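K.L.:
Turn this into a structure:
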Amino acid sequence: MLQIAFIRENQEKVIKALAKRNIDAKSVVEEVVQLDETRRATQVELDNTLSESNKLSKDIGELMKAGEKSKAAILKEKTVSLKEKSKELGEKAEALATELTNKLYTLPNLPADIVPEGKTPDDNLNVFQEGDIPVLHEGAQPHWELVKKYDIIDFELGVKIAGAGFPVYKGKGARLQRALINYFLDKNTAAGYNEVQVPHLVNEASGYGTGQLPDKEGQMYHSTIDDLYLIPTAEVPVTNLFRDVLLSETELPVLYTAYTPCFRREAGSYGAHVRGLNRLHQFDKVEIVRVEHPDKSYEALDGMVEHVKDILKELKLPYRVLRLCGGDMGFTSALTYDFEVFSTAQDRWLEISSVSNFETFQANRLKLRFKDKEGKNHLAHTLNGSSLALPRVLAGILENYQTPEGIVIPEVLRPYCGFDIIN
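P.N.:
Numbers count the residues shown, from 1 in each chain. All right, here's what the predicted structure looks like:
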């Protein structure tokens, strides 16, 4: 959530920045500023009324001590009206604060200066590419055919149990999935990330804290009886570990990693591009989350990008890194890099990771602050990244490592799998 003080003092800058997201925010910004002015004026009037009421209470006490009951009675009548007025002003101030917060929730984060202009994924900037695209043998197949051939993932069985988008992993497919999870976690912990296991359901406050609510409400599975949401990513519970937390500057940075299943409704997703593992309602992902000092968050973001690069180098998958344009960035992000692996069998790029800096946007919602050496409190910066999302990584491995004899396991994963080939 954008800070109201910043909006108030930088209206034109906010409007111009959000235009990079292809949003005309002029009317909303003006409404937010007007609401804030009304709220602050109401709060001043409330404070003055309460102060006057407190003063009269003291005066009444003095008059009663002096035996001047008639004068005290006159002042008591005034305090009654002041209490009624303060109650009305308090309710008005509270209603204005709620309305202001709800308006602020509709405004996305401001893009960083280096975010490119653009409206669609076609406008994203390719900033890095590495790895040779393999030449596959004649008759090579996409992963949804390979998993049938080797009986390692059963999509139809998942439909029977839950519906489309809930695959069942079997035999070497399940072991390869587990190997990837363990490998990713080991890479992350070796890089200094502390592993945590977190709940797979979160309350509404957690959804608002990281910005999934209200923006992504339609994409989240909601248990209405308990008013809990299935997590769309480990980012939500892990980052919310720091909701309402005041850190000391010496505690920064904080680095966490977590494996969780993720649940997304993906309403409106259909077609060949979402076939097989390309788009699921339930999938596994290993996440990295950082809480950083504002002066060091972009250095940390670069480090996260290099970390994900290192994983893909070890997997020996051809990949590229995209800096997302304003029109393709997530609601909460100030700067995002997407990683994509090339699927030779599908002849297209598959997104497998997003690494983002949210600056103070989430921290403002979370009330996540740190105390500097002078004792002043500041909002921290939060960052997160997929390290990695499994379905499309697995699809890339199955398709790019296929041979006439079977699917060769990447060398770095063999100690985790316990086998060298799926055949």
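K.L.:
I figured Val291 hits Val254, correct?
P.N.:
Yes - at 4.1 Å, Val291 and Val254 qualify as touching, with contact defined as CB atoms under 8 Å. The way it works is simple: take the backbone N, C-alpha and C, and place the C-beta from them, glycine included.
K.L.:
residues shared between the contacts of these two?
P.N.:
Any residue near both Val291 and Val254 by CB atoms under 8 Å, 6 or more residues apart in numbering counts here, and that gives Phe242, Leu247.
K.L.:
and those two? which has more neighbours close in?
P.N.:
Neighbours of Val291 and Val254, each counted by other CB atoms under 10 Å, are more numerous for Val291; the result is 26 against 19.
K.L.:
Show me where this protein has its helices.
P.N.:
4-9, 11-19, 26-65, 69-105, 143-150, 155-161, 171-190, 204-210, 235-239, 297-315, 361-366, 390-400, 414-417 (DSSP state H).
K.L.:
Pull the residues that contact the second one.
P.N.:
Spelled out, it's helix 11-19. Against helix 11-19 from outside (CB under 8 Å, 6+ apart): Leu2, Phe6, Ile7, Ala25, Lys26, Val29, Glu30, Val33, Leu107, Pro108, Leu110, Pro111.
K.L.:
repeat that for 6 Å
P.N.:
Contact partners of helix 11-19, identified using CB atoms under 6 Å, 6 or more residues apart in numbering, comprise Ile7, Ala25, Lys26, Val29, Leu110.
K.L.:
Below-threshold pLDDT in this protein: ranges please.
P.N.:
Using pLDDT under 70 as the threshold, the predicted model of the chain has low-confidence ranges 267-273.
K.L.:
Swap in 80 and give it another go.
P.N.:
Residues of the chain that meet the criterion pLDDT under 80 lie in 59, 62-65, 68-77, 266-274.
K.L.:
residue furthest from the geometric center of it?
P.N.:
In the chain, Gly67 marks the outermost C-alpha relative to the chain mean, sitting 65.1 Å out by CA atoms, centre = their mean.
K.L.:
Give me the distance between that one and Gly90.
P.N.:
Here Gly67 is placed at a distance of 34 Å from Gly90 (CB to CB, to the nearest Å).
K.L.:
How about the contacts made by Gly385?
P.N.:
By CB under 6 Å, 6+ apart, the contact set of Gly385 is Ile288, Met304, Val355.
K.L.:
out of the helices of the chain, which comes closest to Asp123?
P.N.:
For the helices of the chain, proximity to Asp123 was assessed by CB to CB; helix 11-19 is nearest, at 14.6 Å.
K.L.:
got the buried residues for the closest one?
P.N.:
Of the residues in helix 11-19, those buried by neighbour count under the rule 16 or more other CB atoms under 10 Å are Gln11, Val14, Ile15, Ala17, Leu18.
K.L.:
ditto for stretch 375-395
P.N.:
Using 16+ other CB under 10 Å as the test for burial, stretch 375-395 gives 379-395.
K.L.:
what about the residue nearest to Val393 when sequence neighbours are not counted, how many neighbours?
P.N.:
Counting by CB to CB, 6 or more residues apart in numbering, Ile352 is the residue found nearest to Val393 once chain neighbours are left out, at 5.1 Å. Close neighbours of Ile352, defined as other CB under 10 Å, add up to 26.
K.L.:
likewise Val196?
P.N.:
The local packing count at Val196 equals 15, with neighbours defined by other CB under 10 Å.
K.L.:
Any chance of a markdown table for the contacts of helix 11-19, columns neighbour count?
P.N.:
Putting the contacts of helix 11-19 into a markdown table (neighbours: other CB atoms under 10 Å) gives the following:
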| residue | neighbour count |
| --- | --- |
| Ile7 | 21 |
| Ala25 | 20 |
| Lys26 | 14 |
| Val29 | 21 |
| Leu110 | 22 |
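K.L.:
farthest-separated two in those?
P.N.:
Maximum pairwise distance in the contacts of helix 11-19, criterion CB to CB, is 14.7 Å, between Lys26 and Leu110.
K.L.:
Now for Pro116: which residues touch it?
P.N.:
Each residue near Pro116 by CB under 6 Å, 6+ apart is listed here: Leu125, Cys325.
K.L.:
now it: how far from Met304?
P.N.:
For Pro116, the distance to Met304 under the criterion CB to CB works out to 20 Å.
K.L.:
try Asn357
P.N.:
When distances are taken as CB to CB, Asn357 and Met304 turn out to be 9 Å apart.
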